[in-house]
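Engineer: What follows is a predicted structure for the sequence shown.
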Amino acid sequence: QLQLVESGGALVQPGGSLRLSCVVSGSGLSAYAVGWDRQAPGMEREAVAYIAYSDLSTWYEDSVKGRFTISRNNAKDIVYLQMNGLEPEDTAVYFCVASRSLYDLRLGNYEYRGQGTQVTVAP
């Protein structure tokens with residue numbers, strides 16, 4: 001059983017930066033991939049970025065490559081999403097998600113999901 005708690009969402013101007021944090025607690029963390037999905041109002045869920053605890057391999061959705069960076073603080077079991085060059089299209093609720101398979105996360109098949117944190121990009 002894992003618990004995921006997100007923080008860091010805010011209102012930011014276009015071109016700005018934010019760092020989201022997901023505190024991960026529970027047992028057997030090394031078997032999981034953790035990362036971020038997002039969902040804008042009236043839109044489908046969208047995969048954003050994931051990291052595998054076992055080998056720190058990562059995956060990014062094409063529209064965020066070069067702008068977003070996912071990382072993990074091993075000592076504190078926190079997964080970060082550094083978001084630079086934010087655009088209005090990035091506005092969404094960002095959810096921290098976890099699964100034993102990074103591939104499953106890409107398909108939207110998460111085992112655990114946090115409550116979400118709102119990111120709004122507007123002038």
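Structural biologist: That came in fine, so what should we check first?
Engineer: Can I get whichever strand or helix holds L105 as CSV, trimmed to CA atoms?
Structural biologist: Under the criterion of DSSP states H and E, L105 resides in helix 102-106. The C-alpha trace of helix 102-106 is given here as CSV (Å, rounded to 0.1, in the frame of the first residue of the first chain):
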residue,chain,number,x,y,z
LEU,A,102,6.2,2.3,-16.0
TYR,A,103,4.5,1.0,-19.2
ASP,A,104,1.2,0.6,-17.3
LEU,A,105,1.4,4.2,-16.2
ARG,A,106,1.8,5.3,-19.8
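Engineer: How are the strands of the chain distributed by residue range?
Structural biologist: Residue ranges of the strands in the chain, as given by DSSP state E, are 2-7, 11-12, 18-26, 33-39, 46-52, 58-60, 68-73, 78-83, 92-99, 112-113, 117-121.
Engineer: Serialize those strands to JSON lines and add fields for mean neighbour count.
Structural biologist: Every C-beta, even on glycine, is put in place using the N, C-alpha and C of the backbone. Putting the strands of the chain into JSON lines (neighbours: other CB atoms under 10 Å) gives the following:
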{"stretch": "strand 2-7", "mean neighbour count": "17"}
{"stretch": "strand 11-12", "mean neighbour count": "14"}
{"stretch": "strand 18-26", "mean neighbour count": "18"}
{"stretch": "strand 33-39", "mean neighbour count": "24"}
{"stretch": "strand 46-52", "mean neighbour count": "22"}
{"stretch": "strand 58-60", "mean neighbour count": "17"}
{"stretch": "strand 68-73", "mean neighbour count": "18"}
{"stretch": "strand 78-83", "mean neighbour count": "21"}
{"stretch": "strand 92-99", "mean neighbour count": "23"}
{"stretch": "strand 112-113", "mean neighbour count": "16"}
{"stretch": "strand 117-121", "mean neighbour count": "18"}
